[in-house]
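K.L.:
Pasting the sequence and the predicted model now:
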Amino acid sequence: MENTVILESTITCPECGHAKEEQMPTNACQYFYECENCHTVLKPLEGDCCVFCSYGTVKCPPIQQDKPCCA
């Protein structure tokens, strides 16, 4: 049985609380994300591989599939 990979995640800025749904890349990690509201540049938290794993509602596609991210 194959797991369905979700490709959309809502990123919430920890500085201003602005949230926006974004499409996650499937071929690369996204290390930086600029909040369109306050222009804070988000970076992954320690232990996370990308901004989706740190600030998104859904982890990135490789993590969803129990694969190494950004290998």
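P.N.:
Done, it's in.
K.L.:
which residues touch the residue nearest the centre of the chain?
P.N.:
Geometric centre of the chain, nearest residue: residue 52, 1.0 Å, by C-alpha atoms, centre = their mean. The contact partners of residue 52, taken as C-beta atoms under 8 Å, 6 or more residues apart in numbering, are 9, 11, 22, 24, 30, 58, 59, 60. No exception for glycine: its C-beta is placed from N, CA and C like everyone else's.
K.L.:
Student question: in this protein, what's the helix or strand with minimum average pLDDT?
P.N.:
Among the secondary structure pieces of the chain, namely its helices and strands, helix 61-64 has the lowest mean (mean pLDDT, DSSP states H and E), a mean of 90.
K.L.:
Check which helices and strands it sits against.
P.N.:
Helices and strands touching helix 61-64, by 3 or more C-beta pairs under 8 Å, 6 or more residues apart in numbering; DSSP states H and E: there are none.
K.L.:
Show the pLDDT at residue 19.
P.N.:
You'll see residue 19 listed with a pLDDT of 98.
K.L.:
my guess is it meets residue 12, correct?
P.N.:
Yes. At 4.4 Å, residue 19 counts as touching residue 12 under the criterion of C-beta atoms under 8 Å.
K.L.:
A helix includes the residue nearest to the centre of the chain, no?
P.N.:
Yes. According to DSSP: H, G, I helix; E, B strand; the rest coil, the state of residue 52 is that of a helix.
K.L.:
Roughly how far does it sit from residue 28?
P.N.:
The span separating residue 52 from residue 28 equals 12 Å under the rule C-beta to C-beta, to the nearest Å.
K.L.:
now swap in residue 11 and tell me
P.N.:
Plainly put, residue 11 is 16 Å away from residue 28 if you go by C-beta to C-beta.
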